[in-house]
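Novice: below is the sequence, then the predicted model.
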Amino acid sequence: MRRLCDRLGVPGPIDVHTHFMPERVLAKVWDYFDAVGPLTGVEWPIAYRHEEAERVALLRRFGVRAFTSMVYPHKPAMAAWLNSWAADFAARTPDCLHTATFFPEEGADRYVRRALEAGARVFKAHVQVGGYDPNDPLLDPVWGLLAEASTPIVVHCGSGPAPGKHTGPEPVARLLARHPRLPLVVAHMGLPEYEDFLALAEAHPAVRLDTTMAFTDFADRLGGDYPPGALTRLADLGDRVLLGTDFPNIPYPYEHQLTALERLGLGDPWLRAVCHDNAARLFGLD
């Protein structure tokens, strides 16, 4: 990774899709992945099942310049508590971009506004785990606040690794029709509906894609092969693709994500933008 960063001329990658959350919540997430084999037919061993401090140290050892603490609720009355935890984590972890989340519930706009006022720089929404429609009327004020603040929202909205009731491109297309300036970041590049989400990004200048797990050998095993004919379009969208990895919840070494991007053969300028420059510009990191 150091050799790659030296070649690209960047101080280190910026990873917009990493998970830090309260330990008991993360333990339940790991329990889910431990049992995910029956859901996907593919075993999912967690590569970095370590204590929080060691996970932070690992990212720093990998040379990661900035990262996120992607938290997400699976039920009401959980998001505000997660936001409080994430604010504290960001305060004691200077290289973590202050992350927050929300759920369709009464008062969501109030705690999202509080999170923004407290300095939240990126939000996470998990349509699959939360089981909600992003067009739920309870979320309209939230999307409006985030669009007005130009605060990015990483949204797991694709149907991989297992489809949900409200996953897929259609709910997101309806959302963007109402909030066209929403700085939405499609997690996992929309796996497996890659081309549909690529088209949404092409149609909406504020929409971005994150690379999380895409192009890896593991994604291929999940049936997430990226259509070769779409790579030219992806190259043309190079200024709106962001590095994401899903650390620590990945079943392979961290550097495999960067190797997978490098072997696409889209060139060093594209790779430099994806691994560093695009996120540095988005989050104002000099």
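Specialist: Done, it's in. Residues are numbered from 1 along each chain as shown.

Novice: what's the mean pLDDT across stretch 85-93?
Specialist: Throughout stretch 85-93, pLDDT has a mean value of 98.

Novice: please renumber so the chain begins at 14
Specialist: Happy to do that; since the first residue is 14 now, the last one works out to stretch 98-106.

Novice: buried residues in that stretch, which are they?
Specialist: Buried residues in stretch 98-106, defined by neighbour count with 16 or more other CB atoms under 10 Å: 98, 99, 100, 102, 103, 106. All C-beta atoms are positioned from the backbone trio N, CA, C, and that covers glycine.

Novice: and stretch 270-280, how far apart are its ends?
Specialist: Stretch 270-280 has an end-to-end distance of 16 Å (criterion: CA to CA, to the nearest Å).

Novice: closest to residue 215 among the buried residues of stretch 98-106?
Specialist: The shortest approach to residue 215 among the buried residues of stretch 98-106 belongs to residue 99, at 31.7 Å (CB to CB).

Novice: so the closest one: helix, strand or coil?
Specialist: helix (DSSP: H, G, I helix; E, B strand; the rest coil).

Novice: residue contacts, it?
Specialist: Contact partners of residue 99, counting by CB atoms under 8 Å, 6 or more residues apart in numbering, are 33, 34, 82, 84, 111, 112, 113, 114, 133.

Novice: OK, contacts around the second one?
Specialist: By that I understand residue 34. 42, 82, 83, 84, 95, 98, 99.

Novice: that one and residue 141, how far apart?
Specialist: 16 Å (CB to CB, to the nearest Å).

Novice: list the contacts of residue 208.
Specialist: 240, 243.

Novice: check which helix or strand covers it.
Specialist: Assessed by DSSP states H and E, residue 208 sits inside helix 207-216.

Novice: for residue 74, state which of the contacts of residue 99 is nearest.
Specialist: residue 33 (16.0 Å).

Novice: hmm, residue 111 and the closest one touching each other?
Specialist: No - assessed by CB atoms under 8 Å, residue 33 is found out of contact with residue 111, at 11.5 Å.

Novice: tell me which of those two has more neighbours.
Specialist: residue 33 (24 against 20; other CB atoms under 10 Å).

Novice: can you confirm the more buried one is in a helix?
Specialist: No - read with three-state DSSP, residue 33 is coil and lies in no helix.

Novice: can you check the pLDDT for it?
Specialist: 98.

Novice: count the neighbours of the closest residue in space to it that isn't next to it in sequence for me.
Specialist: Counting by CB to CB, 6 or more residues apart in numbering, residue 33 lies nearest to residue 82, which is 3.8 Å off, once chain neighbours are set aside. Residues within reach of residue 82, counting by other CB under 10 Å, total 23.

Novice: does residue 46 sit in a helix or strand, and which one?
Specialist: Applying DSSP H and E, one finds residue 46 within helix 36-47.

Novice: ignore what I typed, I meant residue 239.
Specialist: Applying DSSP H and E, one finds residue 239 in no helix or strand.
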